[in-house]
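Novice: what's the 3D shape of this:
(one chain, ligands or ions: 1)
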Amino acid sequence: ATMEPIASELWLLNRSVEKAEGDAMDLTHASVLRNSNMTIQAGTIEDSAGSDVIVFTPSVSPTRADWKRSDLAIGNREILEGWLPRLAELSPNAVLIVVTNPVDVMTYAAIQLTGFPPERVIGTGTLVDSIRYRSLLSAELKIHADDIRAYILGEHGDDQFAANSVAMTGGEKFIRSETAQRLFQKTVNLGYEVYRRKGYTDYGIALATMTIVDSIAYDLRHTMPVSVMVDGFLGVNDVCLSLPAVIGRQGITRILHPPLSDEEADAFRGCAAKVRDAIDLMAGCVQ
Ligand SMILES: NC(=O)c1ccc[n+]([C@@H]2O[C@H](COP(=O)([O-])OP(=O)(O)OC[C@H]3O[C@@H](n4cnc5c(N)ncnc54)[C@H](O)[C@@H]3O)[C@@H](O)[C@H]2O)c1
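Specialist: Predicted structure coming up:
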């Protein structure tokens, strides 16, 4: 996905310089086959100065087979602390995209550690869950996934929910559709299902991240479910969760407020309480 020539320069930073160098070489070779003049290099944090967009993905590795995203919180908070203040200092006007899990908790930490306005910090959130859901719906309904307006919202984790009361294709709503309920149940575990088979997930999240970068780079104003600082919607504040948001050159240009059903609104508040607890727990562990 990094092959699309949407920038003049791409810098890869990693704790392992060799890994960054290897990726930069491989991507540079591949870019010969694209209509690209983007330079791709491994660099130090200082090389990132003046970046327009920063994609943050470093992570500790899971330590047990049946891991949950939340297990990574403490270790990854430390990685954020090690990188983000300096990255923000070097690129004070950048839009930051957070991929590192647990992504909602990390997006919140990223806003704190960079001091960026929340509009310029975007977590990939449930975008990847939503494309998984749309992919299943598309296969079942035999309708192109582009034409299926369906969002998974809330937490990028076990408590996420499908906002089926506002989901539709061709103007037909999904409310109380048995198919939608069944496919949502499948969606929640799909990330872990892919992980169990191949040891990581990459294509879906890479293209999801590129969709966000595209919308920033070209000021496309696409709407997508991403993790944002919630702005009082349904009484929820001071926590990052996924809502449909409009993304442009300045980052989040607007957060949308879909008319959720009572059940969905409860699920959203449940996600808020859970992510809030995780943020508090992390704050207690890492000083
Ligand atoms: N939000 C989503 O939808 C989504 C989807 C897939 C993966 N993820 C998350 O993205 C993260 C990365 O996943 P991955 O599969 O690429 O993991 P990975 O283990 O393959 O890569 C992690 C990278 O981080 C680097 N790293 C580790 N510690 C570092 C440090 N202190 N400073 C700089 N670099 C450091 C490692 O060298 C490695 O290259 C994980 O947290 C994963 O859970 C999120």
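Novice: which ones are touching residue 226?
Specialist: 122, 123, 124, 125, 126, 127, 212, 242, 243, 245, 247, 252 (CB atoms under 8 Å, 6 or more residues apart in numbering). Bear in mind the C-beta positions are built from the backbone N, C-alpha and C, glycine included.
Novice: ok, for it, nearest residue in space, not its chain neighbours?
Specialist: Distance criterion CB to CB, 6 or more residues apart in numbering; nearest residue to residue 226, sequence neighbours excluded, is residue 125 at 4.6 Å.
Novice: Tell me, how many residues neighbour residue 181?
Specialist: The number of residues packed near residue 181 is 12, by other CB atoms under 10 Å.
Novice: Ramachandran coordinates for the closest residue to it other than its chain neighbours?
Specialist: In space, and not counting its chain neighbours, residue 181 is closest to residue 164: 7.5 Å by CB to CB, 6+ apart. The phi/psi pair for residue 164 (degrees, to the nearest 10) reads phi -70, psi -20.
Novice: what subset of the contacts of residue 226 is also close to the ligand?
Specialist: Among these, the residues lying close to the ligand (CB under 6 Å from any ligand atom) are residue 124.
Novice: Show the model's pLDDT score for the residue nearest to residue 226.
Specialist: The model reports residue 125 with a pLDDT of 98.
Novice: same question, the one 3 residues further on
Specialist: On pLDDT, residue 128 comes in at 98.
Novice: and what of residue 193?
Specialist: pLDDT at residue 193 comes out at 93.
Novice: Just the mean pLDDT for the longest strand seen in the chain, thanks.
Specialist: When the chain is parsed with DSSP state E, its longest strand is strand 237-248. The pLDDT scores in strand 237-248 average 98.
Novice: Pipe the contacts of residue 226 into CSV and attach neighbour count and distance to residue 193 per row.
Specialist: Below are the contacts of residue 226 laid out as CSV (neighbours: other CB atoms under 10 Å; distance: CB to CB, whole Å):
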residue, neighbour count, distance to residue 193
122, 30, 26
123, 31, 22
124, 27, 18
125, 31, 19
126, 34, 16
127, 27, 18
212, 25, 24
242, 31, 20
243, 26, 26
245, 24, 27
247, 27, 28
252, 22, 30
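Novice: Nearest to the ligand among the contacts of residue 226?
Specialist: residue 124 (4.2 Å; CB to the nearest ligand atom).
Novice: For the closest one, which residues are in contact?
Specialist: 97, 98, 99, 103, 156, 205, 208, 209, 212, 226, 227.
Novice: Assign the fifth one to helix, strand or coil.
Specialist: At residue 156, secondary structure determined by DSSP: H, G, I helix; E, B strand; the rest coil is coil.
Novice: what's near enough to touch it?
Specialist: 69, 101-104, 123-126, 128-129, 227, 242.
Novice: Check the first one too.
Specialist: With contacts defined as CB under 8 Å, 6+ apart, residue 97 is in contact with 53, 54, 55, 56, 122, 123, 124, 209, 212, 213.
Novice: Kindly report the same for the last one.
Specialist: For residue 227, the contacting residues are 98, 103-104, 107, 122-126, 156, 240-242, by CB under 8 Å, 6+ apart.
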